[in-house]
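> how would this look folded up:
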Amino acid sequence: MSRQWRVASGEWRVASGELHRGVFAAIAAMVWLTCHGPLVSPCLAAAAAPQPRTESAAPGRWQPPSREALRKEVLAWLDERKASPSARRSAEALWPSGGKAADEVDRLERLAETFALVDPRAEQIVQLCSKPHSEKTLARQDWLTDKQTPPLVAANLRLFYGRWLARELLFDEAMEQLSGIEPKEVADPATLLFYQAVVCHRLLMRDEGLQAIERLLEGGGPSPRRYTMVAQLMRADLKDLQEDTLDHIARRMDDIHRRLDLGRAGPKVRKQEDGVAKSRDKLIKKLEDQEKQRQQAAGAANLTPDKPAEVSGIGEGKGPGDVTKRNIGKKSGWGNLPPKEREEALQQIGREFPSHYREVIEQYFRRLANEPEREAAEKPAR
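Below you'll find the model as predicted:
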């Protein structure tokens, strides 16, 4: 049981900070109960069993066959296969007339055991599913999709086998077995739709997963409460899933890690790795563009400040050097410094200010020096 709990609580995880661990832990716990019904106490098994359908219940898009109808179909199949008397007695022991409601919990297991009594290929599947997965490559079960295989055997054994594959984290193989089966073809439609949804959820098949969940939740047939609770959590999770987001990339990386743990490192995994790298680069580029736009917007805002600068400064630039005239008196020689002092002042200006300021100041000094001559020329003759 410790290994099974590890599968449920440790491996059923999503590598993302956007999905709360508590929610996924609830999914894992209820999936464990779903996957390992025969291992829980009789009280829990009876509480989780589908309740008998009443006559007042509204008809739905799928309905499980009654236990008595299923029993008759199984016995008819045994007659067609001309089962031996011992196999017949064992099958009748598995399907006693007038069974209790709690027997509905393991009707899929009872079917598989019944098929194994007669068909060696079914017996191999039952033995395979009775223990943990240990082989890197599983033998193909092409006979399950063969048209010569009776529908009762094919559909229900594919569901039985696909459920075990999902429990062993072999989601691609589980999808191959579970896809294409309709609820009306199996003895336990709720289990079919639930595991179809689980596999799609883990393989990030958003639309297919939501479709299976809606069929499970909206169907008129009885569904175990543990199925509906987990399905609602998965539906809320898949609806928020968007491609090329950090959450989506993290889940794909988690799926790649799962495949590598299973010894899968072929072209399909390498293609997934390339896809993750491209999505990562796309996300980084998007974030860089957003940061660049933010910086440009901040720069534009600085050009039009809301308040004056606390410290004033002189911007670089060149101009004619015109200033507002002031009355500086009539003393001659204003602005005329001795050549030595004038040169020292210009050198000081050159050291402390940009070079073009020297040109502006020299021009200013020249104007001052030529001011008396210009005023004399402009003064009208008397």
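
> Compute the distance between residue 79 and residue 72, please.
11 Å (Cβ to Cβ, to the nearest Å). To be clear about C-beta, it is placed using only N, CA and C from the backbone, and glycine gets the same treatment.

> Comparing the two, which shows the higher neighbour count?
Between residue 79 and residue 72, counted using other Cβ atoms under 10 Å, the more crowded position is residue 72 (13 against 10).

> per-domain residue ranges of the chain.
Recorded structural domains for the chain (assignment: automatic domain parsing) are 2-51+60-242, 339-377.

> buried ones in the helix or strand containing residue 236?
Using DSSP states H and E, the element containing residue 236 is helix 225-239. For helix 225-239, the neighbour count (16 or more other Cβ atoms under 10 Å) marks 226, 227, 228, 230, 231, 233, 234, 235, 237, 238 as buried.

> ditto for stretch 122-131
For stretch 122-131, a neighbour-count test (16+ other Cβ under 10 Å) marks 122, 125, 126, 128, 129 as buried.

> Can you tell me which of those lies closest to residue 264?
When the buried residues of stretch 122-131 are compared for distance to residue 264 (Cβ to Cβ), residue 128 wins out at 18.8 Å.

> dump the residue contacts of the closest one.
Residues counted as contacts of residue 128 (Cβ atoms under 8 Å, 6 or more residues apart in numbering) are 138, 161, 164.

> Could you list which of the buried residues of stretch 122-131 belong to strands?
Assigned to strands by DSSP state E, none of those qualify.

> Adding pLDDT and distance to residue 169, write those residues out as a markdown table.
Listed next are the buried residues of stretch 122-131 as a markdown table, based on pLDDT from 0 to 100; distance: Cβ to Cβ, whole Å:
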| residue | pLDDT | distance to residue 169 |
| --- | --- | --- |
| 122 | 95 | 24 |
| 125 | 95 | 18 |
| 126 | 95 | 20 |
| 128 | 93 | 15 |
| 129 | 93 | 14 |
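
> I'd like those residues as JSON lines, with distance to residue 343 appended.
Output for those, formatted as JSON lines (distance: Cβ to Cβ, whole Å):
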{"residue": "122", "distance to residue 343": "112"}
{"residue": "125", "distance to residue 343": "106"}
{"residue": "126", "distance to residue 343": "109"}
{"residue": "128", "distance to residue 343": "103"}
{"residue": "129", "distance to residue 343": "103"}
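
> Return the member of the domains of the chain having the minimum mean pLDDT.
Note on the domains of the chain: lowest mean pLDDT is at domain 339-377, with a mean of 67.

> Give me the buried subset of the contacts of residue 128.
Buried subset of these (neighbour count, 16+ other Cβ under 10 Å): 161, 164.

> Which one of the contacts of residue 128 is nearest to residue 345?
Set against residue 345, the nearest of the contacts of residue 128 by Cβ to Cβ is residue 138 (95.4 Å).

> Need the nearest residue in space to residue 268, chain neighbours excluded.
Counting by Cβ to Cβ, 6 or more residues apart in numbering, the nearest residue to residue 268 once its immediate chain neighbours are dropped is residue 259, at 7.9 Å.

> same thing with residue 83?
According to Cβ to Cβ, 6+ apart, the nearest residue to residue 83 is residue 118 (5.2 Å).

> List the contacts of the one you found.
Residue 118 neighbours (Cβ under 8 Å, 6+ apart): 78, 81, 83, 87.

> Pull out the buried members of those residues.
Buried among the contacts of residue 118 by 16+ other Cβ under 10 Å: 78, 83, 87.

> would you turn the residues you listed into JSON lines with secondary structure and distance to residue 67?
Shown next, in JSON lines, are the buried ones among the contacts of residue 118 (DSSP: H, G, I helix; E, B strand; the rest coil; distance: Cβ to Cβ, whole Å):
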{"residue": "78", "secondary structure": "helix", "distance to residue 67": "17"}
{"residue": "83", "secondary structure": "coil", "distance to residue 67": "20"}
{"residue": "87", "secondary structure": "helix", "distance to residue 67": "21"}
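
> Before I go, just wanted to say thanks for your time.
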